[in-house]
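Sharing a model that was predicted from the sequence below.
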Amino acid sequence: MPDAPLNWRLSAHPLTLCWFLAFRLASILTYLFGLWFSSNFVLIFIIVVLLLAADFYYVKNIAGRRLVGLRWWNETNSETGESIWVFESPPEERQVSINATDSRFFWLSLYASPVLWIVLAIIAIVRFEFIWLSLVVIAVILCVTNSVAFSRADKFGNASNFAGRALGGNFASRMAGNFASRMMFSGGR
């Protein structure tokens, strides 16, 4: 996979990849160049937050599933109120069909976006533009949440496949897959 070229034309899901990159770039470009078109901070703030929300939703619910076969969501236990993170990864047979170009674009953008927002946060701090820092903090939180959740989903999917191969047999493979896909993250408890 590391030698797959970064060419969107080789994508198995070019429309999904295009929208994925468009949402990522639109929020950053609107933040950077919004003042060229309007001097209204509130308008730029609202547009960037809406673009960040659309990006968060699209990455979490559509792009992650179609490009790399991973999903995650958060449930709340109605009895205890405890937050439970649930991770889902494709079975081992489906993992070989994941397009290398889609995967590289997804992971590169998933990790580069929070880094870029953190750099923009540092710039806002250095320039003493704390009102813009509030917007950047929202962006960092949304991007990092998706990055951490998809990294965990990928980690647990790989652990499930390793356990299935190590233990052998269809029963062990199903059990390891169920365990890893329902893994709970409760903040170290």
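Received, thanks.

Confirm that Trp72 lies within a helix, as I assumed.
No. The assignment for Trp72, made by DSSP: H, G, I helix; E, B strand; the rest coil, is strand rather than a helix.

Which strand residues bridge it?
With DSSP bridges as the criterion, Trp72 is bridged to Phe87.

Tell me which stretches of this protein form helices.
14-37, 41-58, 92-95, 100-126, 130-167, 170-181 (DSSP state H).

Show me the residue at the heart of the chain, geometrically.
The residue lying closest to the centre of the chain (Cα atoms, centre = their mean) is Asn146, at 3.4 Å.

Run through the residues that contact it.
Applying Cβ atoms under 8 Å, 6 or more residues apart in numbering, we find Asn146 in contact with 56, 59-60, 64, 110. Bear in mind the C-beta positions are built from the backbone N, C-alpha and C, glycine included.

switch the cut-off to 6 Å
By Cβ atoms under 6 Å, 6 or more residues apart in numbering, the contact set of Asn146 is Val59.

pLDDT value on it, please?
At Asn146, the pLDDT value in this model is 93.

gap between Leu21 and Pro14?
To Pro14, Leu21 is 11 Å away according to Cβ to Cβ, to the nearest Å.

now Ser27
Going from Ser27 to Pro14 by Cβ to Cβ gives 21 Å.

what do you get for Ser103?
Ser103 is 14 Å from Pro14, where distance means Cβ to Cβ.

just to revisit the earlier point, now the helices of the chain in TSV, with distance to Trp85?
Shown next, in TSV, are those (distance: least, Cβ to Cβ, whole Å):
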stretch	distance to Trp85
helix 14-37	22
helix 41-58	16
helix 92-95	21
helix 100-126	17
helix 130-167	7
helix 170-181	11
